[in-house]
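**Student:** when you get a sec, could you give me coordinates for this:
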Amino acid sequence: EIYDVFDKNGKKIGTATWTQVHTKGLIHKTVAALVFRDTSRREILLQKRGSKMAQHPGFWQHSVGGHIISGDTPDIGIKKELQEELFVNTTLPNIKLEKITSFFNSDFLNNNEILYVYEIIYSGPFFIDKEEIEDIKLVGVNEILDDMQQNPEKYTPASKNIVKEYNKTTNLHNTGKNRN
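**Tutor:** Down below sits the predicted model:
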C-alpha cells in the first residue's frame with residue numbers, strides 16, 4: 001500500500017510505503033472510529049488485535065481503524081477500514097459516520113500521523129477479519145475508561161489517545177445523554 005506523506009503544515013509532499021513511513025517517521029494520515037451500540041453511547045465496540053499483526057499484537061483497541069491510502073479522503077478511508085475489518089465478505093451497511101475530531105498522533109517511535117476520529121452508531125452484526133482481529137466485544141464506556149487507567153498495558157497507544165481526544169470533544173464521561 002502507498003500512503004500520502006505530508007509536511008508539518010499538512011501539505012502533501014510525496015508518497016511512501018508502510019515501511020517507509022514507519023522507519024523514517026514520515027507524517028501520514030490515518031482513521032479510527034468508535035462504534036457505539038446505540039445513541040446512549042454507553043457501550044463501545046472494542047477489538048483485540050490478531051496475534052500476527054505487525055504492531056501491538058494481542059492488544060485491545062478502538063473499534064476500527066487504519067491508514068488512508070494515497071488519494072483517498074478520510075471518509076473513504078474509514079469506509080474501507082470498516083469493510084476490511086468489521087464487514088468482511090458482506091455489504092457495508094448504510095451507517096452514519098460522524099467525523100468528531102482530528103489530532104496529531106505520535107504514539108510510538110517513528111509513528112507520526114494525522115488521525116481522524118469518527119463516531120458510528122451501529123449494534124451489529126459484525127463480520128470480522130479473523131487474521132486482523134482476534135476478538136470483538138461491546139464494553140461499557142465507564143468500564144473502558146477505568147480499565148485504560150488501571151491497565152494501560154492492555155491497550156494500543158493509539159486507542160488511549162483516541163479515547164482521550166474523543167472525550168475532550170464530546171465529554172465521553174457524561175454517558176447517557178444523547179447528542180442527537
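**Student:** from here on, contacts and neighbour counts on C-alpha atoms
**Tutor:** Noted.
**Student:** next, the contact list for the residue lying closest to Leu45 once chain neighbours are set aside, please.
**Tutor:** Leaving out its chain neighbours, the residue that sits closest to Leu45 by Cα to Cα, 6 or more residues apart in numbering is Leu138, at 4.3 Å. Shown in contact with Leu138 (Cα atoms under 8 Å, 6 or more residues apart in numbering): Arg37, Glu43, Ile44, Leu45, Leu46.
**Student:** for Lys12, give me its contacts.
**Tutor:** Asp4, Val5, Phe6.
**Student:** pretty sure His22 belongs to a helix, no?
**Tutor:** Yes. Assessed with DSSP: H, G, I helix; E, B strand; the rest coil, His22 lies in a helix.
**Student:** which stretches in the chain count as helices?
**Tutor:** For the chain, applying DSSP state H gives helices covering 18-24, 74-85, 141-150, 157-170.
**Student:** mind checking those for the one nearest to Leu109?
**Tutor:** helix 18-24 (8.2 Å; Cα to Cα).
**Student:** output the closest one as CSV, nothing but the C-alphas.
**Tutor:** Only the C-alpha atoms of helix 18-24 are listed here, as CSV (Å, rounded to 0.1, in the frame of the first residue of the first chain):
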residue,chain,number,x,y,z
TRP,A,18,4.0,1.5,5.2
THR,A,19,7.6,0.5,5.9
GLN,A,20,8.9,3.9,4.8
VAL,A,21,6.5,6.0,6.8
HIS,A,22,7.2,3.9,10.0
THR,A,23,11.0,3.7,9.7
LYS,A,24,11.6,7.3,8.6
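**Student:** mind listing what's buried along it?
**Tutor:** Counting neighbours by 16 or more other Cα atoms under 10 Å, one finds that the buried residues in helix 18-24 are Val21, His22.
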